[in-house]
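Q: sequence first, then the predicted structure:
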Amino acid sequence: MDSVGGSTLQKSILALGYRGRVSMVGAAGREPMQVDVSTMMGGNRSLSGVFLGAEIGTDRVHDTIQRLIGEVASGALKVMIDRTFPLSEAADAHAYIESRKAVGRVLLIP
């Protein structure tokens, strides 16, 4: 799954194995979507676009979200937290995210 798009989407495509598939679910990177799909043919790879807005209300997605929350709560799935900011420094947190230096989640703490 690629939610960033742009050059990251191209890297996701290049990372695919034989018969691999990338599902593009967003464009958080806000870069133009210019990808070279010619590399996909040799390995029978595929790319699909998914609009999560149409899927978010389905039982399947709801069940998946509940499962993932449970895995985070049990420690089976780790969430990378890069930095935390007090809510009063929300502008600094946004600037940090926009600098593209964040690796993992950036949290605002009330």
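A: Yep, that arrived.

Q: list the helices and strands the helix or strand of the chain with the lowest mean pLDDT packs on?
A: In the chain, no helix or strand scores lower on mean pLDDT, DSSP states H and E than helix 52-55, which sits at a mean of 78. Where contact means 3 or more C-beta pairs under 8 Å, 6 or more residues apart in numbering; DSSP states H and E, helix 52-55 is not packed against any helix or strand. In this view, the C-beta of every residue, glycine as well, is placed from N, C-alpha and C.

Q: next secondary structure after that helix?
A: Going down the chain from helix 52-55, the next helix or strand is helix 59-74, by DSSP states H and E.

Q: and the contacts of that next one?
A: L52, E55, L77, K78, V79 (C-beta atoms under 8 Å, 6 or more residues apart in numbering).

Q: right, and S3 touches S23 too?
A: No: using C-beta atoms under 8 Å, S3 makes no contact with S23, being 9.5 Å away.

Q: pull the most distant pair out of the contacts of helix 59-74.
A: The distance between the two most remote of those (C-beta to C-beta) is 25.1 Å, for E55 and K78.

Q: the two: which has the busier surroundings?
A: E55 (13 against 9; other C-beta atoms under 10 Å).

Q: which residue is the nearest non-sequential neighbour of that one?
A: Spatially, and ignoring its direct neighbours in sequence, E55 is nearest to V61 (5.2 Å; C-beta to C-beta, 6 or more residues apart in numbering).

Q: can I get stretch 70-85 in PDB, CA atoms only?
A: As requested, the backbone C-alpha atoms of stretch 70-85 are provided in PDB (Å, rounded to 0.1, in the frame of the first residue of the first chain):
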ATOM      1  CA  GLY A  70      -5.900  -4.600  19.100                       C
ATOM      2  CA  GLU A  71      -2.500  -5.500  17.700                       C
ATOM      3  CA  VAL A  72      -1.200  -2.100  18.700                       C
ATOM      4  CA  ALA A  73      -2.700  -2.400  22.200                       C
ATOM      5  CA  SER A  74      -1.200  -5.900  22.700                       C
ATOM      6  CA  GLY A  75       2.300  -4.800  21.400                       C
ATOM      7  CA  ALA A  76       2.200  -7.100  18.500                       C
ATOM      8  CA  LEU A  77       2.200  -4.100  16.100                       C
ATOM      9  CA  LYS A  78       4.500  -1.200  16.900                       C
ATOM     10  CA  VAL A  79       3.700   2.300  15.900                       C
ATOM     11  CA  MET A  80       6.800   4.400  15.300                       C
ATOM     12  CA  ILE A  81       6.600   7.700  17.100                       C
ATOM     13  CA  ASP A  82       9.100  10.200  15.800                       C
ATOM     14  CA  ARG A  83       8.400  13.200  18.000                       C
ATOM     15  CA  THR A  84       5.800  14.700  20.300                       C
ATOM     16  CA  PHE A  85       4.800  18.300  20.600                       C
END
